[in-house]
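# Turn this into a structure:
(3 chains)
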Amino acid sequence: MPETTFFHEDRLFPADPVVRGIARELYASVKHLPIISPHGHTDPRWFAGNAAFENPTALLLAPDHYIFRMLYSQGIRLADLAIPDRQGVPSTDPRAAWRLFAEHYYLFRGTPSAMWLNHVLVEVFGITERLNAASADAIYDAIDVALRTEAFRPRALFDRFNIELIATTESPVDTLDHHHAIARSDWSGRVITAYRPDPVIDADHEDFFSSLEAFGEVTGEDVFNWDGYLAAHRQRRIDFMAAGATSTDHGHPTARTADLDPGESRALFDRLVSRKGREGDAELFRAQMLTEMAAMSLEDGLVMQIHPGSCRNHNGPLFDSHGRDKGADIPVPTEYVEALRPLLNRFGNEPDFGCIVFTLDETTYSRELAPLAGHYPALKLGPAWWFHDSPEGMTRFREQTTETAGFYNTVGFNDDTRAFLSIPARHDVARRVDSAFLARLVAEHRLAIDEAAELIIDLTYNLAKRAYKLDVET
Amino acid sequence: MPETTFFHEDRLFPADPVVRGIARELYASVKHLPIISPHGHTDPRWFAGNAAFENPTALLLAPDHYIFRMLYSQGIRLADLAIPDRQGVPSTDPRAAWRLFAEHYYLFRGTPSAMWLNHVLVEVFGITERLNAASADAIYDAIDVALRTEAFRPRALFDRFNIELIATTESPVDTLDHHHAIARSDWSGRVITAYRPDPVIDADHEDFFSSLEAFGEVTGEDVFNWDGYLAAHRQRRIDFMAAGATSTDHGHPTARTADLDPGESRALFDRLVSRKGREGDAELFRAQMLTEMAAMSLEDGLVMQIHPGSCRNHNGPLFDSHGRDKGADIPVPTEYVEALRPLLNRFGNEPDFGCIVFTLDETTYSRELAPLAGHYPALKLGPAWWFHDSPEGMTRFREQTTETAGFYNTVGFNDDTRAFLSIPARHDVARRVDSAFLARLVAEHRLAIDEAAELIIDLTYNLAKRAYKLDVET
Amino acid sequence: MPETTFFHEDRLFPADPVVRGIARELYASVKHLPIISPHGHTDPRWFAGNAAFENPTALLLAPDHYIFRMLYSQGIRLADLAIPDRQGVPSTDPRAAWRLFAEHYYLFRGTPSAMWLNHVLVEVFGITERLNAASADAIYDAIDVALRTEAFRPRALFDRFNIELIATTESPVDTLDHHHAIARSDWSGRVITAYRPDPVIDADHEDFFSSLEAFGEVTGEDVFNWDGYLAAHRQRRIDFMAAGATSTDHGHPTARTADLDPGESRALFDRLVSRKGREGDAELFRAQMLTEMAAMSLEDGLVMQIHPGSCRNHNGPLFDSHGRDKGADIPVPTEYVEALRPLLNRFGNEPDFGCIVFTLDETTYSRELAPLAGHYPALKLGPAWWFHDSPEGMTRFREQTTETAGFYNTVGFNDDTRAFLSIPARHDVARRVDSAFLARLVAEHRLAIDEAAELIIDLTYNLAKRAYKLDVET
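Numbering: from 1, shown residues only, chains lettered A, B, ... in the order given. Prediction:
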């Protein structure tokens, strides 16, 4: 690591010298462990094609809604940041966009985005200056030059980042061609997929019917018939497992599950696909499909991930002009106890079934999720997610779940990102925050140092492998 | 205390040397104060009969749902832990169950259960080894031998634990024979009861009608008539007071109260006992009965405790096989402001009426409960409860209630446990956490040291005696 | 500052010497900055007439519901504290009321009220004794003597407090005479108003119709006609701006907004003013009026403040005997994501529109408000409010909003008080808490010291001026 004044080797460790000393020691034991990234949104095309990244703005700014949402919130126009709209990428000069970002980099003080970007600048590009208006051009140039070298192509970075495994997320109509290309290549990087069937499950989605049609085409099943629809899911799950998948992922508005009898499920499906859905049918169908997916997981062993509680596309005018994923998804209060009951009463007592639940509503950590995960054999808690994937957020997660659910009903860290270069930064933050949390417990004599030493390795590495069934060689 | 490497005399004190020094000093002043246990679930039979406890597993593992729920959550079968089901106690070898527990004791890292059990092992049994697979048998034997001695019989432990008073909780159909036996005995231990009328108030309970019949038998009142039903409550409250009761306890799904006019109450009761209850009637009746109980408290002086917000028996299959209290009760969001309004508008301005409210929904501490308790003369806040009766939970309780409600609208600590041997451990944790909290305020010059010195005694001893009216000699 | 044992110069700074050292340094740079008070409830009559304050009880106890609510919660009668009821000020001897307060001052241990009052005693009156039963009379006398001097008249205190600007809050039917008198006077203190139209917007208020009539009289508009009603608002906003207003303020039960079409709005208004309102109409009208006010803000530039989520006058009997603002307003769960959507979808993308949202429901900081403010250009987060305007509350606000919204989507501190003498105390607490928060980030290498040095000045001074458009000289 180059010397800098803004990227300290003790960052994120508490100031108290005793706690910091223990945190340093714990962190040292996991700093160089390989990265397990069991849930994320990198593009498999990068690793299949291994093309050079385009330029600093296209790589670091334009795809990162954590960054451009903050700039937008302060009155900067998205077009001036080179953020694509429904007409495509604007003709903004990428260097001008970068300068605008650099001038406003002070807005990110105290945010994880700044910590991640600093990590990328220092650790990935060897830059020792802080980003600001004065340094904007020099930093742009340094990154731009680097990106044209072999060492900064996706596969080289993947290897340099010491990624043991990364999971991407694909739609049920995806051909998985990039994954097949990676598998056929002579590169040994392990890039697996995950089955995310939302497009063919969410009847409220504007593309539901076109997705269903594509689903039928890719599977050859009559997916407008309930039996054919379920068979198509089963078939695609097998395809995804062949491309390495060990998990499914479900991003629903709520955590609601249902356990209808087969006749009711069929009737509900029929109403939806014949466009005769009633009020509440789409929600009920999503709920029922979680239970159907759980049933299939019992058959094929895929671990299930439930990501509820985001109000997508809150900003109507922005959605109209720019489409999805523009920083306007806002968390809402999310209920789990009644919502998960149908699924858990059906399958929650199965120790071989794995169901990992995430939340954007931190109030549920101590009230609902830790008590549920501390009881049901099938249920595990996903790590602090999205807005809460931050030093304070991850600390709250540990403080509010550990006493009831313990550490062993959690599943390690997820980076959940499409910002490939930030992956080491994000895992580094998680390792540091967990080290700091454990160090406090040790300093307060709530945990022995040998227990903490085992735990930090479990939290960094073993729990993710175990929960996502990545330790099973296939 | 024997020397151990895992049970440090400074446990739970912050690492900072200044704060720790103050915390030590505060704690030293209350460490040896008698235990006041105004709310709990020990079995009065133990103190009446004073029989030896059976074996380590039956004493420490089988009755403690904090412990076996965690083991169950990691796929261990309850039968293998010797947990009773609806058919009774399984024939599992208690030593084998203990070994299984010991092998998995690492699951409790960072939980209060580990801290409590370590306290029991070290302080009660003088064991200096950590519990694990290797030490399981030796520890089992050491406990087993001890349990066969006079010094480990319930009364001897009660005296050794320096318990000044303990309250148990009995149903309105209980004969209170054990309490009478204790009173008649030559033992001076003060074991009082508390009136918990839920079985005859909750019309949703499967045993409501059989409980009502028993209620009629034990009181001689016509409890299927509204006036007789109320008279039966009055009679039993007097019986309970004769057995030392100073409080009632109400474990309702919600905090809802109602203030119906007498005619409406009678009609509601008539519908329920004639099995003609409408949707919502059972909830409304529970709500009305809280207000009726409050009215009786104004007459007889019993302090009222309201414990709402648990979704009982969430796990249907487990309930069917194993019954209640198997670790499957899950907290739900709980509303207090509208819910308590009818009762508080009727009786909340009475300074002589005491109503202690608990919560499993920590979001209500700063938003609802502290503002309510900082205003209504009758209302006091019960301590951090159940899942939140833990170092982090108790710290959050103080951090989130003190600034609005102060310390003097809280009521000291409740151990709320049936795990008799853990009672000193639980009170010790509370004393340490309160000492640490006050020490931080002192170190940050938010409180003078002499104020903290008074407060720690109030929080440990005086507030419980005062709030539960235990300082009134009868 | 006189020497005392209870008012330490390092109060509110963390004990850790490194963090404390940084906090001291940051605080020193803002300790003497002028006070910007953009939102509060002082009485402009004080500054217009500059009469002496009456006595210690009438000044410090009777108007401060933070103080008398706590005393009331412990069974002290309001009459004994000289708190006015609907019949007027009771004939209680003010010195007797003060003694009662002093005897019970221990109840405020750990509360911000104690910290504020200590500040007033020490810094404003130079008192070095702690308030208690023994010192009550001497302290009463010292304050009483001081109040009769010129140096303790409102304008002298305003100048001594180094208040650069204070905003009061007036009803739309207020003549603003006091503000005009201040403007005409030779005193240079800047006292501006803010437009709070709740009385003519809240059809659930008992005085709605009489307020409407007064609104018509003061404006000469036909306010029972929708167009006239809107014109009256426009007119009064201009009047208020002439009296310095840069903001409006809206204290609604919920954060709900609406965006009805003009015909619907008119019909809704017509129903309400003709007393034919349906269930939900009053709520819908408040919702629609927030959007109407936002539209006017786009025209005239007034910043909009939304203060939702208090259940007013929870204590019915107390309201009947004593009226409003007697400490019985209780926060309720408050939803923002759906509630603000209509307004934000209409105007949230306008960078020139400023909408500042407050909450009494801390669960919304990280879940709803920080994500919204970190996206919408118009939206900013008001500081920790009311019960949460406290060391722990302000710390939670920073911990739970900064990582998602950053510091620059917040607006500095509001004292929000009618307790004039506590204003320096409240700003001092905010400066200390922010210094401590930033110091921790610096010590944990999450922020550079030069960034923190800029931020503490922004949080103390610049953000308030900018967000409330007070930097625009008019």
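# all contacts plus neighbour counts: C-alpha atoms, from now on.
Will do.
# Let me see the contact set for residue A:167.
Applying Cα atoms under 8 Å, 6 or more residues apart in numbering or on different chains, we find residue A:167 in contact with A:37, A:38, A:39, A:40, A:41, A:191, A:192, A:193, A:194, A:245.
# distance of the residue in chain A sticking out farthest from the centre from chain C?
Ranked by distance from the centre of chain A (Cα atoms, centre = their mean), the top residue is residue A:263, with 35.5 Å. Separation of residue A:263 from chain C (Cα to the nearest Cα, to the nearest Å): 35 Å.
# Could you do residue A:125 as well?
20 Å.
# ok, of the contacts of residue A:167, which one's closest to chain B?
Chain B lies nearest to residue A:38 out of the contacts of residue A:167, by Cα to the nearest Cα, at 20.9 Å.
# That closest one: neighbour count?
29 (other Cα atoms under 10 Å in any protein chain shown).
# Could you list the residues of the stretch 351-474 of chain A in contact with chain B?
A:351, A:363, A:366-368, A:371-379, A:399-400, A:402-409, A:440-441, A:443-448, A:451 (Cα under 8 Å from any Cα of the partner chain).
# Mark which of these are part of strands, please.
residue A:379 (DSSP state E).
# Return only those of the residues of the stretch 351-474 of chain A next to chain B found close to chain C.
Answer for those near chain C (Cα under 8 Å from any Cα): residue A:363.
# hmm, which of the residues of the stretch 351-474 of chain A next to chain B are the buried ones?
Among those, those classed as buried by neighbour count (16 or more other Cα atoms under 10 Å in any protein chain shown) are A:351, A:363, A:366-368, A:371-379, A:399-400, A:402-409, A:440-441, A:443-448.
# low-confidence ranges in the stretch 1-150 of chain A?
A:1-5 (pLDDT under 70).
# just the strands in it please.
Under the criterion DSSP state E, counting those that start in this stretch, the stretch 1-150 of chain A contains strands at A:35-37.
# and the residue of it nearest chain B?
Closest point on the stretch 1-150 of chain A to chain B, by Cα to the nearest Cα, is residue A:16, at 6.4 Å.
# what about that residue, neighbour count?
21.
# Look at the most centrally placed residue in chain A and give its secondary structure.
Against the mean C-alpha coordinate of chain A, by Cα atoms, centre = their mean, the closest residue is residue A:416 at 1.8 Å. When classified by DSSP: H, G, I helix; E, B strand; the rest coil, residue A:416 comes out as coil.
# mind saving the C-alpha coords of stretch A:290-310 as CSV?
The C-alpha trace of stretch A:290-310 is given here as CSV (Å, rounded to 0.1, in the frame of the first residue of the first chain):
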residue,chain,number,x,y,z
LEU,A,290,-41.5,-18.2,-2.5
THR,A,291,-42.9,-21.3,-1.0
GLU,A,292,-42.8,-23.1,-4.3
MET,A,293,-39.2,-22.1,-4.7
ALA,A,294,-38.5,-23.4,-1.2
ALA,A,295,-40.1,-26.7,-2.1
MET,A,296,-37.8,-26.9,-5.2
SER,A,297,-34.8,-26.1,-3.0
LEU,A,298,-35.6,-29.1,-0.8
GLU,A,299,-35.4,-31.1,-4.0
ASP,A,300,-32.3,-29.7,-5.6
GLY,A,301,-30.4,-28.1,-2.7
LEU,A,302,-30.2,-24.5,-3.9
VAL,A,303,-30.0,-22.1,-1.1
MET,A,304,-32.8,-19.5,-1.1
GLN,A,305,-32.2,-15.8,-0.6
ILE,A,306,-35.0,-13.3,0.1
HIS,A,307,-34.3,-9.6,-0.3
PRO,A,308,-37.5,-7.7,0.5
GLY,A,309,-38.5,-4.2,1.5
SER,A,310,-37.4,-1.8,-1.2
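# which residues touch residue A:360?
A:308, A:309, A:310, A:331, A:332, A:334, A:385, A:386, A:387, A:388, C:367.
# Just checking the distance from whatever helix or strand residue A:211 lives in to the centre of its chain.
Assessed by DSSP states H and E, residue A:211 sits inside helix A:208-219. Relative to its parent chain, helix A:208-219 has a centroid offset of 25 Å by Cα atoms, centre = their mean, to the nearest Å.
# And stretch A:409-425, by the same measure?
The answer for stretch A:409-425 is 6 Å, by Cα atoms, centre = their mean.
# Kindly report the same for stretch A:31-42.
11 Å.
# quick one: the residue farthest from the centre of chain A from chain B, how far?
Distance of residue A:263 to chain B, given as Cα to the nearest Cα: 23 Å.
# Pull out the buried residues from the strand or helix carrying that residue.
If you go by DSSP H and E, residue A:263 is part of helix A:262-273. Neighbour counts over helix A:262-273 (16+ other Cα under 10 Å) mark A:265, A:268, A:269, A:270, A:272, A:273 as buried.
# For the stretch 151-300 of chain A, which segments count as strands?
Secondary structure of the stretch 151-300 of chain A (DSSP E, counting those that start in this stretch): strands at A:163-167, A:191-192, A:247-250.
# Just send these back as TSV, with mean pLDDT too.
Listed next are the strands of the stretch 151-300 of chain A as TSV, based on pLDDT from 0 to 100:
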stretch	mean pLDDT
strand A:163-167	98
strand A:191-192	98
strand A:247-250	98
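# Columns distance to residue C:459 on top of those, output as CSV?
What follows is those, written out as CSV (distance: least, Cα to Cα, whole Å):
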stretch, distance to residue C:459
strand A:163-167, 41
strand A:191-192, 45
strand A:247-250, 41
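# Can you say which of those is nearest to residue A:470?
Using Cα to Cα as the measure, strand A:163-167 is the one of the strands of the stretch 151-300 of chain A that comes nearest residue A:470, at 8.8 Å.
# what about the closest one, distance to the chain center?
Here strand A:163-167 is found 13 Å from its chain centre; the criterion is Cα atoms, centre = their mean.
# mind exporting that strand as CSV, just the C-alpha atoms?
Provided in CSV are the C-alpha atoms of strand A:163-167 (Å, rounded to 0.1, in the frame of the first residue of the first chain):
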residue,chain,number,x,y,z
ILE,A,163,-11.3,-13.8,-5.3
GLU,A,164,-11.8,-17.5,-4.7
LEU,A,165,-15.3,-17.4,-6.0
ILE,A,166,-17.8,-14.8,-7.2
ALA,A,167,-21.6,-15.3,-7.9
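# Could you please name the strands it pairs with and the direction of each pair?
Strand pairing for strand A:163-167, determined by DSSP bridges: strand A:35-37 (parallel), strand A:191-192 (parallel).
# quick one on the thing from earlier: for the strands of the stretch 151-300 of chain A, which one sits closest to residue C:429?
Among the strands of the stretch 151-300 of chain A, strand A:247-250 sits nearest to residue C:429 (Cα to Cα), with 45.4 Å.
# Residues touching that closest one, excluding its own?
A:169, A:194-198, A:290, A:302-308, A:468.
# Cool, thanks, signing off.
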